[in-house]
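>>> the following block contains a protein sequence and its predicted model.
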Amino acid sequence: MNAFRRISVGNSLFTLFGIVWLIIGCYPVFYILTTSLRSQNGYLLGNPWLPPLHPTLQNYGVVIQSGFVRSFINSAIVSVSTVLLIVAFSLFLSYVVVRTRNPVVKAVFNWFVVGLAIPVQAAIIPVYILITKLGLYDTLLGMILPMVAFALPLSTLILVNFVRDIPNELYEAMGIEGANDFQIVLRLVAPLARPALISVAVYQFVQSWNNFLFPLVLTQSASVRVLPLAIVQFQGEHTMDVPVTMAAVVFSAIPLFLAYIFGGRYLRQGMLAGFGK
Amino acid sequence: MITERLNLSRVLMMLPAVIFFAAFALIPMCVAVYYSGLNWSGVGSATWVGLANWRSMLASGELWHSFWLTIALMFWCWILQNPLGLIIGVFTAGSQRHRAVFGALYFIPLLFSSVAIGVTWSYILNPTFGLMDDLLKALGIGNGFENWLGNPHIALFVVACIISWQYIPFNALLYQSGVRQIPRSLYEAAMIDGAGPIRTFFSITLPQLKYTITTTTVLILTGTLTYFDLIYVVTNGGPGDATQVLAIDMYKQAFTNLNIGAGSVIAVVLAVFGLLLSIITLKFTGFNKMESQMEGV
């Protein structure tokens, strides 16, 4: 009886801890959402801890008029193309790595493992010079190319570990049917590796949607500005106007919020697959 | 029997990944070593100056300052993220219904970009209209006018707190999946032996999580080494140079001062640092052991 009481006291304390962390972890999110609905005057007058008495959507109007729709489209183009290229390239590479016995392939794979440790910052200066020389400075493509390159090592490693588990008999069966390498990848490997492909796609989408360093260094015009850059720019112009900036923050996170509501499980699995590199 | 030889179609399959990786990641990293020996603004002509950039960077003290700040930031991030992530992970791994709901809510900060989080926290911590000073004043702590990000003595620690706020949910998620992989029989045995929850935690949960602890440690250290976005937004290295870690220093040298040589010196230091960290951790653990942590989410 005594031990039972001790456990339940411990449990309550643990729940209390959980509630405290819930407040620390989620209050800032709540603050972002409620502040974005506040009018600029209300922000300095009303109690900033509580939701506004007269919520308004006018901040979102300001955000939309300030070119955020353009940035949203740019971010979508960059993220979707980046993810498609990463998934296709790393799927093909991982199939070759798993199914080929060859010293060259082995060496390539080892270089990709080393590549996992390359920090983006270590290469950003030469990448900037290279993109400029290619005439791709200040273009969406100029951001996409290095983003794909830096995402390949991790994506390939995850897929190789997955493709390795596909039993040999299945390849043999397709080989007997006379399927070539491309058919094997598209009809056998891709469907079987679906969970890993989804993880890679989700993780890399979040990474490119939120990427800041490449756009910061490789672009300057408003016409190619992506969302994280747009937020910084916007904050610079509206330093004292907190509600408008918070509306910009919410606006930029809409796709990830929707993804979390409708596919939270995939999102959590995908985030873990990438180890937050 | 299907081939295991490297035929033409397989070469074609490898090529896109290899070309992209070589052209935009591997070769640039090597070129950074070359750039570190140039006197160059990025446009116009460059002069080869050998090790002059290295000598002046090492002598100026700026590089060392950034280096120690980076180490300090890694230390604070580890101390703040690992124990809290562990406790929260154990909490959300429990089977109670409310814990699953909490776990789903804890994840939400991970949906925001570092830029968004940086902007938000700089408002919350603003000394004129921020909420933090209001709160502390209401609680009777401090004078209500603390300039969190403008005080050089605490700015780095405050930045570490914001970074940790962002990433603790991620570490908790890793720990949660680690805890769920611990065999139930170990807990049943402990219960039969009459061990209390604290005892069970220290003699079963903690030792069973050793690979997860290694994984989170590696990720926190390598992640913090190159952490840029949030610091750029929140303090941009300031006040003065109080939060000017290596990544910020590199950016400022190369893209603000247009000193490609000096920026490349820092870039090379970052690369060597990163590679060393990875080699050390690969010695302690294998990637496969880290990989096994993602099961059971």
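Good, I have the coordinates.
>>> any part of stretch A:50-69 near chain B?
No - with Cβ under 8 Å from any Cβ of the partner chain as the threshold, stretch A:50-69 lies outside contact range of chain B, at a closest distance of 11.0 Å. Using the backbone N, CA and C atoms, a C-beta is placed for each residue, glycine as well.
>>> secondary structure element holding the spatially most central residue of chain B?
The geometric centre of chain B, computed from its C-alpha atoms, lies nearest to residue B:223 (Cα atoms, centre = their mean), at 2.3 Å. Secondary-structure element containing residue B:223, defined by DSSP states H and E: helix B:210-225.
>>> the helix or strand that that helix is followed by vs chain A: in contact?
Following the chain from helix B:210-225 toward its C-terminal end, the next helix or strand by DSSP H and E is helix B:229-234. Yes - under the criterion of Cβ under 8 Å from any Cβ, chain A is reached by helix B:229-234 at B:229, B:232-233.
>>> show me the contact partners of the helix or strand following helix B:229-234.
Heading C-terminal from helix B:229-234, the first helix or strand you meet, by DSSP H and E, is helix B:246-251. By Cβ atoms under 8 Å, 6 or more residues apart in numbering or on different chains, the surrounding residues in contact with helix B:246-251 are A:121, A:124-125, A:217, B:62-63, B:66-67, B:69-70, B:225-228, B:231-232, B:236-237, B:263, B:266-267, B:269-270, B:273.
>>> ok, of those, which come out buried?
Buried residues within the contacts of helix B:246-251, counting neighbours by 16 or more other Cβ atoms under 10 Å in any protein chain shown: A:121, A:124-125, A:217, B:62-63, B:66-67, B:69-70, B:225-228, B:231-232, B:237, B:263, B:266-267, B:269-270, B:273.
>>> what about the residue sitting nearest the centre point of chain A, helix or strand, and which?
Centre of chain A computed as the mean C-alpha position; nearest residue by Cα atoms, centre = their mean is residue A:206, 1.2 Å away. Using DSSP H and E, residue A:206 sits in helix A:194-210.
>>> with just CA atoms, put the helix holding residue B:223 into CSV.
Provided in CSV are the C-alpha atoms of helix B:210-225 (Å, rounded to 0.1, in the frame of the first residue of the first chain):
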residue,chain,number,x,y,z
LYS,B,210,23.4,4.3,-23.7
TYR,B,211,23.3,4.2,-27.6
THR,B,212,20.6,6.9,-27.6
ILE,B,213,22.7,9.0,-25.3
THR,B,214,25.6,8.7,-27.8
THR,B,215,23.4,9.5,-30.7
THR,B,216,21.9,12.7,-29.1
THR,B,217,25.3,13.8,-27.9
VAL,B,218,26.8,13.5,-31.5
LEU,B,219,23.8,15.3,-33.0
ILE,B,220,23.9,18.1,-30.4
LEU,B,221,27.7,18.6,-30.7
THR,B,222,27.8,18.5,-34.6
GLY,B,223,24.6,20.5,-34.9
THR,B,224,25.8,23.2,-32.5
LEU,B,225,29.2,23.4,-34.2
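>>> which helices and strands sit right next to it?
When contacts are defined as 3 or more Cβ pairs under 8 Å, 6 or more residues apart in numbering or on different chains; DSSP states H and E, helix B:210-225 packs onto helix B:62-93, helix B:155-180, helix B:260-284, helix B:287-291.
>>> would you agree the residue nearest to the centre of chain B is in contact with residue B:164?
No - in this structure, residue B:223 is not within contact of residue B:164 by Cβ atoms under 8 Å, at 11.2 Å.
>>> which neighbours do those two have in common?
What both residue B:223 and residue B:164 touch, as defined by Cβ under 8 Å, 6+ apart, is the set residue B:77.
>>> give me whichever of the helices and strands packed on helix B:210-225 is most buried.
For the helices and strands packed on helix B:210-225, the stretch with the most neighbours on average is helix B:155-180, a mean of 23; neighbours defined as mean count of other Cβ atoms under 10 Å in any protein chain shown.
>>> past it, which element shows up next along the chain?
helix B:184-192.
>>> C-alpha coordinates for that following helix, PDB please?
Listed in PDB are the C-alpha atoms of helix B:184-192, where the atom choice follows Å, rounded to 0.1, in the frame of the first residue of the first chain:
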ATOM      1  CA  ARG B 184       9.200  -5.000 -20.900                       C
ATOM      2  CA  SER B 185      10.600  -8.100 -19.100                       C
ATOM      3  CA  LEU B 186      13.400  -6.000 -17.600                       C
ATOM      4  CA  TYR B 187      10.800  -3.800 -15.900                       C
ATOM      5  CA  GLU B 188       8.700  -6.700 -14.800                       C
ATOM      6  CA  ALA B 189      11.800  -8.300 -13.200                       C
ATOM      7  CA  ALA B 190      12.600  -5.000 -11.400                       C
ATOM      8  CA  MET B 191       9.000  -4.800 -10.100                       C
ATOM      9  CA  ILE B 192       9.200  -8.300  -8.700                       C
END
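>>> let's have the helices and strands packed on helix B:210-225 in TSV, adding mean pLDDT and distance to residue B:188.
Conversion of the helices and strands packed on helix B:210-225 to TSV gives the following (pLDDT from 0 to 100; distance: least, Cβ to Cβ, whole Å):
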stretch	mean pLDDT	distance to residue B:188
helix B:62-93	93	16
helix B:155-180	92	15
helix B:260-284	87	31
helix B:287-291	48	26
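>>> out of the ones you listed, flag the one nearest chain A.
Evaluated with Cβ to the nearest Cβ, the helices and strands packed on helix B:210-225 place helix B:260-284 nearest to chain A, the distance being 3.5 Å.
>>> what is the closest one packed up against?
Applying 3+ Cβ pairs under 8 Å, 6+ apart, we find helix B:260-284 packed against helix A:120-133, helix B:27-35, strand B:38-39, helix B:52-60, helix B:62-93, helix B:210-225, helix B:246-251.
>>> does anything pack onto the third one? Which helices or strands?
It stands for strand B:38-39. For strand B:38-39, the packing partners by 3+ Cβ pairs under 8 Å, 6+ apart come out as strand B:47-48, helix B:52-60, helix B:260-284.
>>> please tabulate these in TSV, including the columns distance to residue A:20.
Formatted as TSV, the helices and strands packed on strand B:38-39 follow (distance: least, Cβ to Cβ, whole Å):
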stretch	distance to residue A:20
strand B:47-48	58
helix B:52-60	45
helix B:260-284	32
